[in-house]
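Peer 1: Show me the folded form of this:
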Amino acid sequence: MAFRTVGAAQLPSEVWVHVFGYLSTTDKLNIRSCCKYFKKMVDHWSLWKGNTVVLKKLCAYTSQFWTTLRRRKISSVVVQKASLKEWKQLALSLPWLTTIAVEHCFDVKAFEILKQFHNLKRLAIRRCRCGQGLSDAIVPLQQVTHFSVCEMHCAPRSDIISVVSKLSHLTSLLYHEGNHPIPRQTFHLMLNRLPHLKHLSLKMGTQHGSLPDDYFSISKTNTFPEDPQVGQPGLTSLELLDYMDPTLPEEALKCLPSLQSLAVDYRDRDVDPSRCHLKTWLRDLPQLAVLNVAKGHPISAYAHSIPNTVTSLTLQRVMVEQKDMKALGKQASGLLFLHFDPCSYNSSSSIGEIPKLFPQLMTLKMR
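Peer 2: Numbering: from 1, shown residues only. Next comes the predicted model:
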C-alpha cells in the first residue's frame, strides 16, 4: 500500500491513530515501514495496549529497540533464558512493567531483580531451574495479585507452596506443578493464607484413587484476625487440568456454591458415564455462568445437570449426539455463547438447527 506523506500529514495524527487501531499487528508493522511519519503514528502507546513482547537474547537488542518499547509503553513481557546482566538491563529499560513471565531461568539471583519492578502485578514462572533462595526473591513481591507456576525444576514442592502462601494479596493462582495433587492438609494451609483468591487453576496429575470429600472445604479457622475473610472460600472461578475421575469425589464442589466459572480439561476421553462426577458437581453450582469442558465423558453423561444459569458453554473434543444438543437446548436455553467441535458432532447436517435450539445465542464458534 502506497501513501503520500504530504497528503497524510494534512490529517490530524489522532485520526491516523484511530484508523490504525483497526489493523492487525502485521498490518501495523507494514504501515510503520512506509515512512517516518507513519512510524511515529504506529508507535503511539494506545495502539499497543495489552500487547505482550517476547524477549530473547536481550543482549542483542539495540538502544533503538528499547526506545521503541518505551514509546509504546509496553507493560507485559515474556523473558526467555536471560542472564543476570540482561535482567538488570530490562529493569533499567522498562521499570514500569506490570506483567512478567519468566521462562527457562537457571539463576535464582535473577529473580531478585524483580523487586525493582514496583508496578508488577502479574508474575508467571515457567520451566525454570531454581534451588534455594527462591522464597527470598519472590516473597517481597507483595503487590503481585496474579501468580502462575509451571514445571519448576530442582525446587522442592514445599518451597514453592511456601512462596505461594506468603503472597497474601493473590486474586488468581495457576499452580501447574508436579504430577500429583497437593495433599489436602497442605492445600488447606495454603488457601487459608490467600483470603482474596478468586481464580484457581490446578494441575491434578496422575493420582490413583480419590482425594477426600472435603478437599475444597477450607477450615473456618482465622489465622489473620485483621481480615475476617480468611478461611472463607470465595472462589468464583476454578480450572482443573490433566484431570480424570475419580480423583475428586462427587461431593468435592459442594462447598464452592459461589463458583461462576468451571473448566475441566480431562487427560483423555472416558466412555463410562457411571464414573462421571461432573454431573454431580454441576448440581451444586447454582451461580455457574461459564462451563468449559475438554475431552472426558460424552455430554450425554452430564447434559441434564447443566444449570440453566449457564450462558457460555465450550465443548472441545467432547462427543455430542443430535439428541444431546436438543437436551442442551431445553436445559440451557439462555446460552449466549457456544463453542464446540463439529468433528465430534455426529449429526453435522443438523448444525443449522442450533440457532433454533438456542434462541438467545449471540456467538457460535466451531473449530
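
Peer 1: Excluding residues flanking it in the chain, which one is nearest Trp87?
Peer 2: Sequence neighbours aside, Ile113 is the residue nearest to Trp87 in space, at 4.2 Å (criterion: Cβ to Cβ, 6 or more residues apart in numbering). (C-beta placed from N, C-alpha, C; glycine too.)

Peer 1: how much space between that neighbour and Leu92?
Peer 2: For Ile113, the distance to Leu92 equals 10 Å [Cβ to Cβ, to the nearest Å].

Peer 1: Secondary structure of His188: a strand, I assume?
Peer 2: No - with the criterion set as DSSP: H, G, I helix; E, B strand; the rest coil, the secondary structure at His188 is helix rather than a strand.

Peer 1: quick revisit: how about the residue nearest to Trp87, phi and psi?
Peer 2: Here the main-chain torsion angles of Ile113 (degrees, to the nearest 10) amount to phi -70, psi -20.

Peer 1: and it, how many neighbours?
Peer 2: 17 (other Cβ atoms under 10 Å).

Peer 1: what sits against it?
Peer 2: Contact criterion Cβ atoms under 8 Å, 6 or more residues apart in numbering gives 84, 87-88, 90-91 as the residues in contact with Ile113.

Peer 1: ok, now with 7 Å
Peer 2: For Ile113, the set of contacting residues under the criterion of Cβ atoms under 7 Å, 6 or more residues apart in numbering consists of 87-88, 91.

Peer 1: Next: Tyr266.
Peer 2: Each residue near Tyr266 by Cβ under 7 Å, 6+ apart is listed here: 243-244, 294-296.

Peer 1: mind running it again at 10 Å?
Peer 2: Taking Cβ atoms under 10 Å, 6 or more residues apart in numbering as the criterion, Tyr266 is in contact with 204, 240-245, 278, 293-297, 317-318.

Peer 1: Adjacent strands (with direction) for the helix or strand hosting it?
Peer 2: Using DSSP states H and E, Tyr266 falls within strand 261-269. When pairs are called by DSSP bridges, strand 261-269 turns out to pair with strand 237-243 (parallel), strand 290-296 (parallel).

Peer 1: buried ones in it?
Peer 2: Using 16 or more other Cβ atoms under 10 Å as the test for burial, strand 261-269 gives 261-267.

Peer 1: Now for the closest residue to Lys109 other than its chain neighbours: which residues touch it?
Peer 2: Distance criterion Cβ to Cβ, 6+ apart; nearest residue to Lys109, sequence neighbours excluded, is Leu84 at 5.5 Å. With Cβ under 10 Å, 6+ apart as the criterion, the residues that contact Leu84 are 105, 107-110, 112-113.

Peer 1: Pull out the buried members of these.
Peer 2: Judged by neighbour count, with 16+ other Cβ under 10 Å as the criterion, the buried members of those are 105, 108, 110, 112-113.

Peer 1: could these go into CSV alongside secondary structure, pLDDT and distance to Arg157?
Peer 2: Output for the buried ones among the contacts of Leu84, formatted as CSV (DSSP: H, G, I helix; E, B strand; the rest coil; pLDDT from 0 to 100; distance: Cβ to Cβ, whole Å):
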residue, secondary structure, pLDDT, distance to Arg157
Cys105, coil, 90, 19
Val108, helix, 86, 17
Ala110, helix, 90, 22
Glu112, helix, 92, 22
Ile113, helix, 95, 25
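
Peer 1: Turn those residues into CSV, including distance to Leu69.
Peer 2: Supplementary listing: the buried ones among the contacts of Leu84 in CSV, determined by distance: Cβ to Cβ, whole Å:
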residue, distance to Leu69
Cys105, 20
Val108, 26
Ala110, 20
Glu112, 23
Ile113, 17
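
Peer 1: Return the closest of the residues you listed with respect to Arg129.
Peer 2: Here the nearest of the buried ones among the contacts of Leu84 to Arg129, counting by Cβ to Cβ, is Cys105; it sits at 7.5 Å.

Peer 1: And that closest one, how close does it get to Tyr175?
Peer 2: In this structure, Cys105 and Tyr175 are separated by 18 Å, where distance is defined by Cβ to Cβ.

Peer 1: again, but for Ala155
Peer 2: Using Cβ to Cβ, which is the criterion applied here, Ala155 is 13 Å from Tyr175.

Peer 1: Between those two, which contacts overlap?
Peer 2: With contacts defined as Cβ under 10 Å, 6+ apart, the residues shared by Ala155 and Tyr175 are Val149.

Peer 1: for the nearest residue in space to Glu177 that is not next to it in sequence, what are its contacts?
Peer 2: Leaving aside its chain neighbours, Glu177 sits nearest to Val149 (5.4 Å; criterion: Cβ to Cβ, 6+ apart). Each residue near Val149 by Cβ under 10 Å, 6+ apart is listed here: 123-126, 128, 134, 138, 155, 160-161, 163-164, 173-177.

Peer 1: Pull the number of nearby residues for Gln322.
Peer 2: Residues within reach of Gln322, counting by other Cβ under 10 Å, total 15.

Peer 1: What are the contacting residues of stretch 60-70?
Peer 2: Residues outside stretch 60-70 that contact it (Cβ under 10 Å, 6+ apart): 32, 39, 43, 45, 48, 53, 55, 58, 74-75, 77, 86, 89-90, 92-96.
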